[in-house]
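Visitor: how would this look folded up:
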Amino acid sequence: MSWKWEYAFGAEEAARTAPAEFLAQVKRKADELVRAAEALHIHGRTHEGIDPEGGDVIVPGGMFTYQVVVRSERVYVVQITCLAF
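Guide: Numbers count the residues shown, from 1 in each chain. Have a look, this model is predicted:
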């Protein structure tokens, strides 16, 4: 398994109606978070302990909240807030 990001919970539903430009910014930042998590947690599947604290990322047009789940090798975008609506 390799590191990836994906929408979780209501963020997936919200992404269906968000503007493409905003979603492109979310994707770009989420890809950066994946690269950083992969570099920091080289042996993600064998990770023991708690997952790191997630956070908020501001992008042009809004923001998103993410959570890293190391053993799953995933960065989950759990909420998106688009100001262009």
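Visitor: in the worst-scoring helix or strand of the chain on mean pLDDT, what's buried?
Guide: The helix or strand of the chain with the lowest confidence, counting by mean pLDDT, DSSP states H and E, is helix 10-15 at a mean of 89. Counting neighbours by 16 or more other C-beta atoms under 10 Å, one finds that the buried residues in helix 10-15 are 11, 14, 15. Using the backbone N, CA and C atoms, a C-beta is placed for each residue, glycine as well.
Visitor: For that helix, name the packing helices and strands.
Guide: For helix 10-15, the helices and strands in contact under the criterion 3 or more C-beta pairs under 8 Å, 6 or more residues apart in numbering; DSSP states H and E are strand 74-82.
Visitor: Direction included, what does the strand it packs on pair up with?
Guide: Based on DSSP bridges, the pairing partners of strand 74-82 within the sheet are strand 4-7 (parallel), strand 62-69 (antiparallel).
Visitor: Let's have these in JSON lines, adding mean pLDDT.
Guide: Listed next are the strands paired with strand 74-82 as JSON lines, based on pLDDT from 0 to 100:
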{"stretch": "strand 4-7", "mean pLDDT": "96"}
{"stretch": "strand 62-69", "mean pLDDT": "95"}
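Visitor: Pick the most deeply packed of these.
Guide: Comparing these on average neighbours per residue, with mean count of other C-beta atoms under 10 Å, the densest one is strand 62-69 at a mean of 20.
Visitor: Other residues contacting it?
Guide: Judged by C-beta atoms under 8 Å, 6 or more residues apart in numbering, the contacts made with strand 62-69 from elsewhere in the structure are 5, 8, 11, 22, 26, 29-30, 33, 37, 41, 51-52, 54-57, 74-84.
Visitor: Now do the contacts for residue 48.
Guide: Applying C-beta under 8 Å, 6+ apart, no residues contact residue 48.
Visitor: quick one: secondary structure of it?
Guide: Secondary structure, DSSP: H, G, I helix; E, B strand; the rest coil: residue 48 is coil.
Visitor: Can you give me the distance of it to residue 70?
Guide: In this structure, residue 48 and residue 70 are 9 Å apart, going by C-beta to C-beta, to the nearest Å.
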